[in-house]
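> sequence unknown, structure follows:
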């Protein structure tokens, strides 16, 4: 998926210091329950005999010991699973997100020619600032626009851009991603990281209405992309839908990366190019397992 980008040597603690933790309530929920089940499993271990006596009031003999051991094992296994889920959530929200941003930037062959880029659903700005850093490295005079639904989020994003030293390359706007406030053929590059799947979630992720909203976002993404421009989307769950929609919109060079587990589910990077002239028939989808 384009030129590879060297892996960052930055520590995750540096990334956390700049971007903080999004959805920390979910992480705390997982950790609190993991600790609770750990304590419960230890109580089962140290008070196994009284627990067996308790179960003997319902069943007798070896069945009581089996029931006690089974409940204790399930409790311990639940604690392990919850700790793993919390670790995966934390890794996905920060270090993995940063690494995937580097890979997405690598999907664009030549950043020196990019004048305008768009980050759809910029959030805390990890991907946005990665794009800005790449523009800075190549000596480009380009700019990247971060679009988000919340004005408070865009203000926070500008703060992180300042901390990353790329504020002169970044602009943030509040707007509806289903009706982008930009003209046709406006951007050279459009990127989006783990955002499109959140559009229409008020209808339920598996509903027809939510799918229609996601397809509308993809249509808007293509509309604002210049002929010859490149789009790169990293997202969860619905990537096959995106590929079909991109085929319908006659996009070229559609590449789907290998599967990456993020937030405990499957995710992929999809890159594509808006052709200079639209051709008839759906484009070919290539699986780039080297991404």
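Received it, and whenever you're ready, just let me know what you need. These figures come from a predicted structure and were not determined experimentally.
> What helix or strand is residue 34 located in?
Per DSSP states H and E: residue 34 is located in helix 24-46.
> contact partners of whichever helix or strand comes after that helix?
Next helix or strand after helix 24-46 toward the C-terminus (DSSP H and E): helix 48-55. For helix 48-55, contacts defined as C-beta atoms under 8 Å, 6 or more residues apart in numbering pick out 44, 63-65, 67-68, 71-72. C-betas here are computed from N, CA, C, even on glycine.
> returning to that earlier point: packing partners for the helix holding residue 34?
helix 62-91 (3 or more C-beta pairs under 8 Å, 6 or more residues apart in numbering; DSSP states H and E).
> Touching, residue 15 and residue 96? I think so.
No: in this structure, residue 15 is not within contact of residue 96 by C-beta atoms under 8 Å, at 10.5 Å.
> Might you report the residue contacts of the most centrally placed residue in the chain?
Nearest to the mean C-alpha position of the chain, by C-alpha atoms, centre = their mean, lies residue 194 at 2.9 Å. Taking C-beta under 8 Å, 6+ apart, we find residue 194 in contact with 97, 234-236, 262-263, 267.
> before we move on, what about residue 188?
Neighbouring residues of residue 188 by C-beta under 8 Å, 6+ apart: 113-117, 142, 226, 229-230.
> Residue 243 versus that one, what's the distance?
Distance check for residue 188 against residue 243: by C-beta to C-beta, to the nearest Å, it reads 22 Å.
> what about residue 188, which helix or strand?
Using DSSP H and E, the element containing residue 188 is strand 187-193.
> gap between that strand and the chain center?
15 Å (C-alpha atoms, centre = their mean, to the nearest Å).
> likewise stretch 104-118?
Chain-centre distance of stretch 104-118: 19 Å, with C-alpha atoms, centre = their mean.
> Can you measure across that stretch, start residue to end residue?
13 Å (C-alpha to C-alpha, to the nearest Å).
> Give me the residues contacting it.
Residues contacting stretch 104-118 (C-beta under 8 Å, 6+ apart): 1-5, 127, 130-131, 134-135, 137-145, 147, 182, 186-191, 193, 224, 230, 232, 234, 255, 269, 271.
> same deal with stretch 16-29?
86, 89-90, 93-94, 123-126, 160, 163-164.
> Give the helix, strand or coil label for residue 231.
At residue 231, secondary structure determined by DSSP: H, G, I helix; E, B strand; the rest coil is strand.
> right, and it touches residue 274 too?
Yes: between residue 231 and residue 274 there is a contact at 7.1 Å, judged by C-beta under 8 Å.
> what do the two both touch?
In contact with both residue 231 and residue 274: 222, 225, 251, using C-beta under 8 Å, 6+ apart.
> Contact partners for the residue nearest to the second one when sequence neighbours are not counted?
Of all residues beyond its chain neighbours, the one nearest residue 225 is residue 274 (4.5 Å), with distances taken as C-beta to C-beta, 6 or more residues apart in numbering. Contacts were defined as C-beta under 8 Å, 6+ apart; by that measure residue 274 touches 222, 225-231, 251-252.
> between the shared contacts of residue 231 and residue 274, which is nearest residue 174?
Distance to residue 174, by C-beta to C-beta, is smallest for residue 225 among the shared contacts of residue 231 and residue 274, at 21.0 Å.
> circling back: and the residue nearest to residue 225, how close does it get to residue 114?
For residue 274, the distance to residue 114 - C-beta to C-beta - is 14 Å.
> Quick check: closest non-adjacent residue to residue 253.
Per C-beta to C-beta, 6+ apart, closest to residue 253 is residue 273, 4.4 Å.
> Specify the beta-bridge partners of the one you found.
residue 230, residue 252 (DSSP bridges).
> picking up where we left off before, mind listing which of the contacts of stretch 104-118 are in helices?
Judged by DSSP state H, the contacts of stretch 104-118 include 127, 130-131, 134-135, 137 as members of helices.
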